[in-house]
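**Student:** the amino acid sequence is not available; the structure is as follows:
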């Protein structure tokens, strides 16, 4: 923990907590979904996390700096949301630091959010758990993955929970290799059912339409440029 510093601004309440975690990864699914959740439901920020392992960058919102990893709470939920990608070489240290700090409190379960690249349009949400009995929590709202691997910080968080005996599930939304609010919205729909949140996903779907339109325009521009380049390279006869 010497290289990982968690600075609480106020203590976590004694209410048993389900902790939701999301970091940038495929489609930015977890970080988009959870930042949207804490903003819309007005969660209270209770702490920050910094580390020498983090890349030297910081995000800002409307000119205000955000610490790379933040802790929030409201009633029986807590949220850990990150703005920066976690390099595979340090996933263990970051996951261990977060879980070790949280384990001092009254944890009910951990829910890790992430994306899984399929490039399919459905935006299905797959589910996994650290123990078979925990699958009952999500099996009616997700497609349980029968086999596979989970990489990155989400995989490290689930592994750390497994080792420490903390109930944990993973929600993995189908996504693409681009910011994907539609996949984040699909994940929030699952959270709505599990935690009875009643969180409106319409703004996220509107963002998705804007991003998809921009990607479509970019694709058309690239194709047009490629066709123009090919015409210029045609040999001249005469």
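**Tutor:** Yep, that arrived. Here the structure is a predicted model, which means the values were calculated and not measured.
**Student:** going forward, measure contacts and count neighbours with C-alpha atoms only.
**Tutor:** Will do.
**Student:** which element is the residue nearest the centre of the chain on?
**Tutor:** Central residue of the chain (Cα atoms, centre = their mean): residue 30, 1.3 Å from the mean position. Residue 30 is part of helix 29-40 when elements are defined by DSSP states H and E.
**Student:** strands paired with the helix or strand following that helix, and their directions?
**Tutor:** Using DSSP H and E, the next helix or strand after helix 29-40 towards the C-terminus is strand 44-51. Using DSSP bridges, the strands paired with strand 44-51 are strand 4-8 (antiparallel), strand 69-74 (antiparallel).
**Student:** most tightly packed of the ones you listed?
**Tutor:** Burial of the strands paired with strand 44-51 is given as mean neighbour count (mean count of other Cα atoms under 10 Å); strand 69-74 ranks first at a mean of 21.
**Student:** next secondary structure after that one?
**Tutor:** Next along the chain after strand 69-74, taking DSSP H and E as the criterion, comes strand 77-82.
**Student:** tell me the angle of that following strand relative to strand 69-74?
**Tutor:** With axes from the mean of the first three to the mean of the last three Cα atoms, to 10 degrees applied, the angle from strand 77-82 to strand 69-74 works out at 160 degrees.
**Student:** helices or strands next to strand 77-82 in the packing?
**Tutor:** strand 17-22, helix 29-40, strand 69-74 (3 or more Cα pairs under 8 Å, 6 or more residues apart in numbering; DSSP states H and E).
**Student:** from the chain's centroid, how far away is the last one?
**Tutor:** Taking the mean of its C-alpha atoms, strand 69-74 sits 14 Å from the chain's own mean (Cα atoms, centre = their mean, to the nearest Å).
**Student:** residue contacts, the nearest residue in space to residue 29 that is not next to it in sequence?
**Tutor:** Distances taken as Cα to Cα, 6 or more residues apart in numbering place residue 184 nearest to residue 29, at 4.8 Å, with adjacent residues excluded. Residues near residue 184 by Cα atoms under 8 Å, 6 or more residues apart in numbering: 28, 29, 30, 32, 33, 173, 204.
**Student:** ok, these vs residue 19, which is closest?
**Tutor:** Nearest to residue 19 out of the contacts of residue 184 is residue 30 (Cα to Cα; 12.9 Å).
**Student:** quick check: residue 173 touching residue 121?
**Tutor:** No. Using Cα atoms under 8 Å, residue 173 is not in contact with residue 121; the gap is 11.2 Å.
**Student:** just to revisit the earlier point, need the contact list for the residue nearest to the centre of the chain.
**Tutor:** Going by Cα under 8 Å, 6+ apart, residue 30 touches 21, 22, 23, 24, 81, 112, 113, 114, 115, 184.
**Student:** please redo it, this time with the cut-off set to 10 Å
**Tutor:** Shown in contact with residue 30 (Cα atoms under 10 Å, 6 or more residues apart in numbering): 20-24, 36, 80-83, 112-115, 154, 171-173, 181, 183-184, 187-188.
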